[in-house]
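Asks: structure, please.
(2 chains)
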Amino acid sequence: GNSVTQMEGPVTLSEEAFLTINCTYTATGYPSLFWYVQYPGEGLQLLLKATKADDKGSNKGFEATYRKETTSFHLEKGSVQVSDSAVYFCALSGDMNSGYSTLTFGKGTMLLVSP
Amino acid sequence: DAGVTQSPTHLIKTRGQQVTLRCSPKSGHDTVSWYQQALGQGPQFIFQYYEEEERQRGNFPDRFSGHQFPNYSSELNVNALLLGDSALYLCASSLVDRADSPLHFGNGTRLTVT
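Replies: This next block holds a predicted model:
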């Protein structure tokens, strides 16, 4: 079945540092890949997505590239801010048979950014 | 434009009781999915409803059931509550069978079973 593996947190960085959160996946077919962010006490918000191999998703300075050859979708940001502190989830969709909106999530990676 | 709304925000129940959680999808969306998020874990798919029928189901027992109404809103019911059912329950809406239609999540209902 489908699965997602993320690096364990917390990831602790100083403001303006470079961020990488690793995500690898196992899937059948050709899933779409997503990064969601969860702030304390809130639900999940879509951060970015990529729907096919070599696509780069980007939003708010974050970006991730769909690498089919390495089954990876690593999240990066060149300069983090304190307001980026949150839990980040990598996820993959099902396919036409299992349902595109049936997501499989990783366990999440907490990011803590200090001033 | 209202997003996904869930009620109640918090709930405390006793083992063996039954609970009903409610969800209104984002305007224009026709599909509702429910996820369970245990503390410190990623969300786990429970089931999905479209056209008032369950389309997909994750690995959850029959104690978990749901319903979708003609206005696309949905309920999640859990019977015979166990301590292990304590979690954040997230509702998400989307457009059916659209690979480019990402899920929009509500803020969740925090269920505590004592």
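Asks: give me the neighbour count for whatever residue of chain B ends up closest to chain A.
Replies: Nearest residue of chain B to chain A: residue B:42, at 3.4 Å (CB to the nearest CB). C-beta: built from backbone N, CA, C; applies to glycine. Using other CB atoms under 10 Å in any protein chain shown, residue B:42 has 22 other residues around it.
Asks: tell me the first helix or strand C-terminal of the helix or strand bottoming out on mean pLDDT in chain B.
Replies: The weakest-scoring helix or strand in chain B, judged by mean pLDDT, DSSP states H and E, is strand B:53-57 (a mean of 91). Remark: after strand B:53-57, the chain's next helix or strand is strand B:64-68, criterion DSSP states H and E.
Asks: break down chain A into its strands, ranges please.
Replies: Counting by DSSP state E, chain A has these strands, from start to end: A:3-6, A:11-14, A:19-21, A:23-26, A:33-38, A:44-50, A:56-59, A:62-65, A:75-77, A:86-92, A:104-105, A:109-114.
Asks: okay, and the beta partners of the closest residue in space to the residue of chain B closest to chain A that isn't next to it in sequence?
Replies: The shortest distance from residue B:42 to any non-neighbouring residue, by CB to CB, 6 or more residues apart in numbering or on different chains, is to residue A:105 (3.4 Å). Applying DSSP bridges to residue A:105 yields these beta-bridge partners: residue A:91.
Asks: right, and residue A:105 touches residue B:58 too?
Replies: No - counting by CB atoms under 8 Å, residue A:105 stays clear of residue B:58, with 11.5 Å between them.
Asks: the more surrounded of the two?
Replies: When neighbours are counted by other CB under 10 Å, residue A:105 comes out ahead of the other of residue A:105 and residue B:58, with 22 against 16.
Asks: show the contacting residues for that one.
Replies: Applying CB atoms under 8 Å, 6 or more residues apart in numbering or on different chains, one finds that residue A:105 lies in contact with A:4, A:36, A:89, A:90, A:91, B:42, B:43, B:44.
Asks: tally up the residues packed near residue A:114, please.
Replies: Using other CB under 10 Å, residue A:114 is surrounded by 10 other residues.
Asks: ok, it to chain B distance?
Replies: Residue A:114 is 22 Å from chain B, where distance means CB to the nearest CB, to the nearest Å.
Asks: how about residue B:85, phi and psi?
Replies: Backbone torsions of residue B:85, given as degrees, to the nearest 10, read phi -80, psi -10.
Asks: near it, how many other residues are there?
Replies: 19.
Asks: skipping its backbone neighbours, what lies nearest it in space?
Replies: Leaving aside its chain neighbours, residue B:85 sits nearest to residue B:113 (5.2 Å; criterion: CB to CB, 6+ apart).
Asks: quickly list what that neighbour is bridged to.
Replies: As for beta bridges, residue B:113 partners with residue B:13 under DSSP bridges.
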